[in-house]
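Provide a 3D model corresponding to the input given below.
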Amino acid sequence: MLKDFRDFIARGNVMDMAVGIIVGAAFTAIVNSLVADLINPIIGLFTGGIDFTNNYIVLSGDVPEGASLDAAREAGASVFAFGSFVMAVINFLIIAWVVFMLVKAVNKIKDAAARDEAAAEPAPTVPAGPTQEELLSEIRDLLKAR
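Numbering: from 1, shown residues only. Below you'll find the model as predicted:
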């Protein structure tokens, strides 16, 4: 059983997956910073400085007017936090776009490498077939033999 497990772990695709998970975790930190530090301030500029994360509706409980979402939750109020959801959707769209662009770039590099490799390989030599004259001569000889 240990040998089977070792063989499973030693396969290339399992190692590739492990590397992908590690890189993905590091990539998440970069994208979160991109969203929080660069994209959200730009969105706030266009929306008049509105921070979506603190937009909520109090369903039950007492919350002071203008309290943050965290303060409302700490007060024990039941809140409908639509602003957090909007920010999660925006974060998802940004992450999906960045991953799409990354995959597109990697595929472009792979395609270029495949084209370069194909161009570097000599074209396989195809044996030359009979010429038209040779075929006609063969047909003529077969007809004569009948």
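
May I see the buried residues of the helix or strand encompassing residue 103?
Counting by DSSP states H and E, the element that carries residue 103 is helix 82-120. Within helix 82-120, the residues scored as buried using 16 or more other Cβ atoms under 10 Å are 83, 84, 87, 91, 94, 95. To be clear about C-beta, it is placed using only N, CA and C from the backbone, and glycine gets the same treatment.

dump the residue contacts of the first one.
So the one you mean is residue 83. 51, 52, 53, 54, 55, 56, 69 (Cβ atoms under 8 Å, 6 or more residues apart in numbering).

hmm, which two among those residues are most spread apart?
Across the contacts of residue 83, the longest distance by Cβ to Cβ is 11.5 Å; it joins 51 and 56.

higher neighbour count, the two?
residue 56 (20 against 15; other Cβ atoms under 10 Å).

residues in contact with that one?
69, 72, 79, 80, 81, 82, 83, 84.

Geometric centre of the chain: which residue is closest?
residue 99 (3.6 Å; Cα atoms, centre = their mean).

And the pLDDT for that one?
Residue 99 is assigned 77 on the pLDDT scale.

any idea where the helices of this structure begin and end?
2-10, 12-33, 40-46, 69-74, 82-120, 132-145 (DSSP state H).

any idea of the mean pLDDT for stretch 17-26?
So the average pLDDT for stretch 17-26 ends up being 83.

cool, and stretch 128-136?
Rounded mean pLDDT across stretch 128-136 is 87.

Need the residues that contact it.
residue 138.

now stretch 30-50
Under the criterion Cβ under 8 Å, 6+ apart, residues 51, 52, 87, 90, 91, 94, 95, 98 lie in contact with stretch 30-50.

For the residues you listed, work out which two are farthest apart.
Maximum distance among the contacts of stretch 30-50 (Cβ to Cβ): 22.2 Å, for 51 and 98.

returning to what we had before: how much space separates the residue nearest to the centre of the chain from residue 27?
As judged by Cβ to Cβ, to the nearest Å, residue 99 and residue 27 stand 8 Å apart.

ditto for residue 106
Taking Cβ to Cβ, one finds residue 106 at 13 Å from residue 27.
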